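Undergrad: give me the fold of what follows.
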Amino acid sequence: MAVGKNKGLTKGGKKGAKKKVVDPFSKKGWCDVKAPAMFNIRNIGKTLVTRTQGTKIASDGLKGRVFEVSLADLQNDEVAFRKFKLITEDVQDNRRLFASSVLCWFY
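TA: Below you'll find the model as predicted:
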């Protein structure tokens, strides 16, 4: 009886074996978004961000995001009806975003 190599079973079992499925939300975290100091209410909300891993830095993925916020929410005034689009420019502590520049005054 000849001894032969079994190439199909040496690397990882059967051919076409399925890889483990990783939940994409397990690699994400929440980040607080804050408005500029000129508004009465600074806390806008939270946004989802992919955590820092290897060469991908979380703060780079956060910069440039646009948030659309009502003036009524920022000034605690029910009569105000304008909407602002705020662009994030600064990230601190990888937990707080500062949407510091106003993209559009009238919407």
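Undergrad: low pLDDT regions in this protein?
TA: 1-17, 93-107 (pLDDT under 70).
Undergrad: strands of that one, start to end?
TA: Listed in chain order, the strands of the chain (DSSP state E) span 28-34, 43-50, 66-70, 83-92, 96-104.
Undergrad: present those as CSV; the columns should include distance to residue 22 and mean neighbour count.
TA: Any C-beta I mention is one placed from the backbone N, CA and C, and that applies to glycine too. Output for these, formatted as CSV (distance: least, C-beta to C-beta, whole Å; neighbours: other C-beta atoms under 10 Å):
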stretch, distance to residue 22, mean neighbour count
strand 28-34, 12, 16
strand 43-50, 13, 15
strand 66-70, 29, 15
strand 83-92, 26, 17
strand 96-104, 26, 16
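Undergrad: tabulate those (a markdown table), appending distance to residue 59.
TA: Shown next, in a markdown table, are those (distance: least, C-beta to C-beta, whole Å):
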| stretch | distance to residue 59 |
| --- | --- |
| strand 28-34 | 9 |
| strand 43-50 | 9 |
| strand 66-70 | 16 |
| strand 83-92 | 4 |
| strand 96-104 | 9 |
